[in-house]
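> fold the following.
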Amino acid sequence: MNKQSNWIILVIILFGTAALAYNTWYKKQLQQDTVTTNTDTGEQSLVSGPEKGQRRPDFTLKDMIGVPRELSEWDGQTIVLNFWATWCRPCLQEIPMFVDVQRTMATNGVKFIGVAVDDRATVETFLERTGIEINYPLLIGDDDAIPVAVDYGNDTGILPYTVIIDKHGRLSYHHFGAIDRDELETVLNRLIKAKN
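This next block holds a predicted model:
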């Protein structure tokens, strides 16, 4: 073996080690988030950033045709705010489930809103390529979506990230990573039935 081959092998080993170390660190970060348990329902949720029950921050981002939209447009509805990106595989796996849940729960005042951490051209290309027909508003955040996600408790940049806001505009639940349909529907049904 010549010196160049040895250097290539060394670089590969270093990159592999760095990737493994990052993956281990990332998993520990997820595990270190505080988990709270609702004593009434037994439901657990990761907590960081804004407190549960706090009034949701408002923001304005453009939609798919470039029109600025404020989150306050959907006040009075139970909002599922999902931060996602076209390069995020778990995000893309959630979308068909979100489309189906939006279809079945819209009559109960549930409104999904997607916030893409991408530019409009990338999202348009993704939708054309996949043929996915999304039945809820998509807001294009690009880099502007990052501070919005931070305002909603995601200061680590984990995607997907889902926040559920009750019909009174209060933060009720948030989830790092892909959310399970049963868990999502349980939270939504609880909020729909809540009197206050």
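> how about Phe59: what's its closest non-neighbour residue?
Spatially, and ignoring its direct neighbours in sequence, Phe59 is nearest to Val148 (4.8 Å; CB to CB, 6 or more residues apart in numbering). Just so you know, the C-beta spots here come from the backbone N, C-alpha and C atoms, and that holds for glycine as well.
> how about the strands in the chain?
Using DSSP state E, the strands of the chain run over 34-37, 44-47, 60-63, 68-70, 78-84, 110-116, 138-140, 161-165, 171-176.
> coming back round to it: and the gap between the residue nearest to Phe59 and Pro96?
Val148 is 24 Å from Pro96, where distance means CB to CB, to the nearest Å.
> for Asp100, grab the count of nearby residues.
By the criterion of other CB atoms under 10 Å, Asp100 has 12 neighbours.
> pLDDT at it, what is it?
Note on Asp100: pLDDT of 94.
> now it: how far from His174?
Counting by CB to CB - Asp100 and His174 are separated by 21 Å.
> isn't Ile165 up against Asp75?
No. Here Ile165 does not reach Asp75: they are 9.2 Å apart, not a contact under CB atoms under 8 Å.
> neighbour count winner among the two?
Legend: neighbour count by other CB under 10 Å for Ile165 and Asp75, higher for Ile165 (25 against 14).
> could I get the contacting residues of that one?
When contacts are counted by CB atoms under 8 Å, 6 or more residues apart in numbering, Ile165 touches 56, 78-79, 81, 171-172.
> go with 10 Å
By CB atoms under 10 Å, 6 or more residues apart in numbering, Ile165 lies in contact with 55-56, 71, 74-75, 77-81, 111, 113, 152, 171-174, 191.
> if any of those are buried, put those into a ChimeraX selection.
Buried subset of these, written as a ChimeraX selection, criterion 16 or more other CB atoms under 10 Å:
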select :56,71,74,77,78,79,80,81,111,113,152,171,172,173,174,191
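> before we move on, the earlier item: ok, Val148 and Pro96, which is more surrounded?
The neighbour comparison of Val148 against Pro96 (other CB under 10 Å) goes to Val148, with 21 against 13.
> which pLDDT value belongs to the more buried one?
Val148 is assigned 91 on the pLDDT scale.
> relative to Thr130, how far out is it?
Val148 sits 24 Å away from Thr130, going by CB to CB.
> just give the nearest non-adjacent residue to Phe126, would you?
Nearest to Phe126 is Thr86, by CB to CB, 6+ apart, at 4.2 Å.
> kindly apply the preceding question to Ile134 instead.
Nearest non-adjacent residue to Ile134, counting by CB to CB, 6+ apart: Val99, 6.1 Å away.
> bridge partners for the residue nearest the centre of the chain, pull those for me.
Closest to where the C-alpha atoms of the chain average out (CA atoms, centre = their mean) is Tyr161, at 2.2 Å. Tyr161 has these beta-bridge partners by DSSP bridges: Phe83, Phe176.
> you'd agree it is up against Gly141?
No. In this structure, Tyr161 is not within contact of Gly141 by CB atoms under 10 Å, at 11.8 Å.
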